[in-house]
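[1] Okay, predicted coordinates and the sequence, questions at the end:
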Amino acid sequence: MSTMGTLGTIDSVSVTGRPHTASGYVDLAGRPPTASGLIDLTGRPPTSSGFVDIPTGSLTQHQIYQQQQRELDIDSLAKQFGSVVSLATERSDRASLATTDFLQDQELAMLEANGVDTDVERRKTQRGSHKTLEVKLSDGSLAWVDATPPDILYEASVDRERELMDRNKPDLAINELIKRLYLARIMYGDSHWLVAQGHASLAAGYMDYRNLAAQGQHHAELARNILLSGVNQSESSEHKSDIMGTLICTYYNLGRALMLQKKYGEAERQLLKAEKVADERCRLCVVDPHEAGEWDVKIETALGKLCYLEGKYSLAENCYNKALEAVTKKDGPDSPLLVNINQYLGRIHTKNGDRERAIVSFLQAHSIACAVYDKDAAESVDSGLLVARSYMAQNSPDGDSAAETYLNDSLTASKSSHGLYHAKTVEVWEDLISLKSKTQRSVKADVKEDRLEEAVADIREVLLLKDTVYGEYSIETAKSYKQLGTIRLIQCKYDKCLKMLKKCLAIQKEVLGMSHKETVSTQETIDMVLKSPQLSARATNEKVTLNNRPNFRATVGRSKPAW
């Protein structure tokens with residue numbers, strides 16, 4: 001039985017024993033074919049071009065190209081199909097073969113829809129747990145079609161997704177989640193709770209791997225509608241626990257997606273529902289306490305972040321303290337989850353004006369990050385940057401000295417982990433430049449020229465990085481030009497200051513427009529610099545020189561050319 005799509009017979013031979021459809025195709029999912037003769041596995045109507053609308057996340061670019069080129073020569077299509085299937089045959093890995101199922105079925109369907117006889121000879125073979133179907137085309141060439149049962153492909157997809165995440169390939173992991181959803185629909189239909197679990201897992205993938213709120217909300221709502229449409233929970237406690245776990249995942253990811261879209265009221269309602277279902281699920285005797293504790297931490301962390309975004313800092317602190325206690329009890333004081341929790345506690349203390357407690361929380365997060373990950377890891381860079389900014393907010397010489405130490409360490413770590421031409425490296429370097437400039441302004445009596453020139457040299461290096469990372473005409477580049485102009489203004493070098501500010505103004509006019517507040521602010525700064533005694537006197541002299549020039553008509557025609 002072929003599980004790669006919905007094509008179960010080629011030309012007139014049915015490998016499933018089911019009756020043929022009107023178009024000569026067998027629909028393994030029990031759905032009628034579309035008007036174009038192709039079977040729509042997703043349940044969507046065909047497009048105006050006659051092709052079935054399949055979500056692009058589950059197809060390759062090559063397949064989309066083939067769908068758009070249906071009017072090509074039939075012999076050319078047959079050759080392309082043979083080469084694609086031959087390439088898939090060479091891949092003996094189970095998960096690699098499974099990834100070609102939709103492509104093969106769509107190619108085969110297009111060939112038969114255009115009248116190509118592909119049913120000259122066929123036979124079933126089996127390679128381990130993979131079942132394949134050999135098809136002999138009308139031109140005499142052979143092709144292999146994957147006919148592995150869907151339950152085996154489903155299990156392989158679960159393992160494949162975990163493997164891809166371990167290899168840090170989120171896009172391919174999302175493709176596996178999409179494939180798993182379609183396999184669940186093939187095996188159980190559209191209303192089964194495992195299909196809802198597939199939608200919930202895909203919503204979690206969109207949120208965790210790519211931070212896509214709209215896609216996460218869509219699939220979470222589909223999962224919720226399936227689960228609330230009358231799913232039977234009376235089979236066993238294990239069955240009920242799995243369904244309730246899917247419902248928790250659905251409400252949790254729906255709340256996160258709504259939070260990212262700044263729909264805080266609805267997000268709070270969904271997260272509270274997740275918390276309520278989690279409490280009810282804990283009463284079941286079959287629930288693993290470790291898994292229940294993980295859901296408690298996730299929900300409390302999400303509620304804490306929501307309260308923080310709404311400005312309810314007391315409630316946010318309570319939620320994060322609960323999560324902190326739960327993680328410490330479950331995983332110990334060195335758990336990686338404590339990094340994010342301590343960082344949010346530090347932000348909350350900063351908002352409440354308690355800078356000492358904020359520094360303690362940020363230092364705790366930084367020490368755990370350096371111990372768990374590595375001194376030069378990306379997590380250590382972020383935590384060190386937060387510690388430095390917290391020290392900078394104290395506006396004291398001791399705080400500035402400590403901040404400079406952490407910024408230098410973070411800059412070195414960022415160059416090692418991210419590389420020189422990276423946005424995070426630029427961000428850390430800019431904070432270091434701002435600290436040097438602020439130090440010079442705060443202690444005017446002890447200002448040294450070499451410190452200012454050192455800041456200028458850093459800005460020039462950052463400008464070279466920004467041209468590569470952001471582009472020459474970008475807001476980030478304009479900020480560096482304005483910062484450089486400000487330092488030149490402190491040095492009373494008005495000509496260089498005016499030059500940098502004009503470059504900043506030109507970029508802001510091009511990117512933001514004339515009426516943007518940043519553009520207006522830069523223009524006001526330029527006008528202020530032009531009113532300085534040095535530049536105003538020079539402008540007056542240039543105006544006098546211009547007025548004293550002889551009239552143009554008086555200088556033309558006085559002498560005749562030599563020829």
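    Now that the structure is in, tell me what you want to look at. Numbering: from 1, shown residues only.
[2] Show me what the one helix or strand residue 427 maps to is packed up against.
    Following DSSP states H and E, one finds residue 427 within helix 423-442. Judged by 3 or more CB pairs under 8 Å, 6 or more residues apart in numbering; DSSP states H and E, helix 423-442 is in contact with helix 378-392, helix 397-417, helix 449-469, helix 475-490. Bear in mind the C-beta positions are built from the backbone N, C-alpha and C, glycine included.
[3] what about residue 270, which SS state?
    Per DSSP: H, G, I helix; E, B strand; the rest coil, the local secondary structure of residue 270 is helix.
[4] pLDDT score assigned to the nearest residue in space to it that is not next to it in sequence?
    Closest residue to residue 270 in three dimensions, ignoring its sequence neighbours and counting by CB to CB, 6 or more residues apart in numbering: residue 255, at 3.7 Å. Note for residue 255: predicted pLDDT of 96.
[5] Kindly report the same for residue 266.
    Reading off the confidence values, residue 266 has pLDDT 95.
[6] if I look at it, how far off is residue 229?
    In this structure, residue 266 and residue 229 are 21 Å apart, going by CB to CB, to the nearest Å.
[7] pLDDT below threshold where in the stretch 401-550 of the chain?
    In the predicted model, the stretch 401-550 of the chain carries pLDDT under 70 at residues 439-448, 537-550.
[8] If we use 80, what do you get?
    For the stretch 401-550 of the chain, the stretches with pLDDT under 80 are 437-452, 532-550.
[9] I'd assumed residue 144 was in a strand, is it?
    Yes: counting by three-state DSSP, residue 144 is found in a strand.
[10] Tell me what it is bridged to.
    The residues listed as beta-bridge partners of residue 144 by DSSP bridges are residue 134.
[11] count of residues packed around it?
    By the measure other CB atoms under 10 Å, the count of residues near residue 144 is 19.
[12] wait, isn't it in contact with residue 133?
    Yes: under the criterion of CB atoms under 8 Å, residue 144 lies in contact with residue 133, with a separation of 7.1 Å.
[13] related to what we said a few turns ago, in what helix or strand does the residue nearest to residue 270 lie?
    Using DSSP H and E, the element containing residue 255 is helix 237-260.
[14] rewinding a little: just name the most buried of the helices and strands packed on helix 423-442.
    Mean neighbour count, computed with mean count of other CB atoms under 10 Å, is highest for helix 378-392 among those, reaching a mean of 24.
[15] circling back to that earlier point, and residue 266 and residue 229? which has more neighbours close in?
    In this comparison of residue 266 against residue 229, neighbours counted by other CB under 10 Å, the higher total goes to residue 266 at 14 against 9.
[16] For the more buried one, grab phi and psi.
    In terms of degrees, to the nearest 10, the main-chain angles of residue 266 are phi -70, psi -40.
[17] Which residue, other than its chain neighbours, is closest to it?
    In this structure, residue 266 finds its nearest non-sequential neighbour in residue 258, 5.0 Å apart by CB to CB, 6+ apart.
[18] circling back: run the angle between the helix holding residue 427 and helix 397-417 for me.
    Interaxial angle, helix 423-442 versus helix 397-417 (axes from the mean of the first three to the mean of the last three CA atoms, to 10 degrees): 160 degrees.
[19] what comes up buried for helix 423-442?
    Buried residues in helix 423-442, counting neighbours by 16 or more other CB atoms under 10 Å, are found at 424-433, 435-437, 439-440.
[20] Nearest to residue 394 among those?
    residue 435 (11.9 Å; CB to CB).
[21] My read is that the closest one contacts residue 393, right?
    No: in this structure residue 435 lies outside contact range of residue 393 using CB under 8 Å: 11.4 Å.
[22] Could you double-check that residue 374 lies in contact with residue 381?
    No: with the criterion set as CB under 8 Å, residue 374 and residue 381 do not qualify as a contacting pair; they are 10.4 Å apart.
[23] Check the gap between the closest residue to residue 188 other than its chain neighbours and residue 474 for me.
    Nearest-residue entry for residue 188: residue 194, 5.4 Å, with adjacent residues in sequence omitted and distances by CB to CB, 6+ apart. In this structure, residue 194 and residue 474 are 47 Å apart, going by CB to CB.
[24] Same check on residue 144?
    Separation of residue 144 from residue 474 (CB to CB) stands at 51 Å.
[25] Also residue 410?
    When CB to CB is applied, the distance between residue 410 and residue 474 equals 23 Å.
[26] what do you get for residue 320?
    The spacing between residue 320 and residue 474, counted by CB to CB, is 36 Å.
[27] Between these two, point out the one with more neighbours.
    For residue 320 versus residue 474, neighbours defined as other CB under 10 Å are more numerous around residue 320 (26 against 16).
[28] any idea of the mean pLDDT for the helix or strand containing that one?
    The secondary structure element spanning residue 320 is helix 313-331 (assigned by DSSP H and E). Taken as a whole, helix 313-331 carries a mean pLDDT of 92.
[29] Report all helices and strands that that helix contacts.
    Secondary-structure packing of helix 313-331 (3+ CB pairs under 8 Å, 6+ apart): helix 289-310, helix 337-351.
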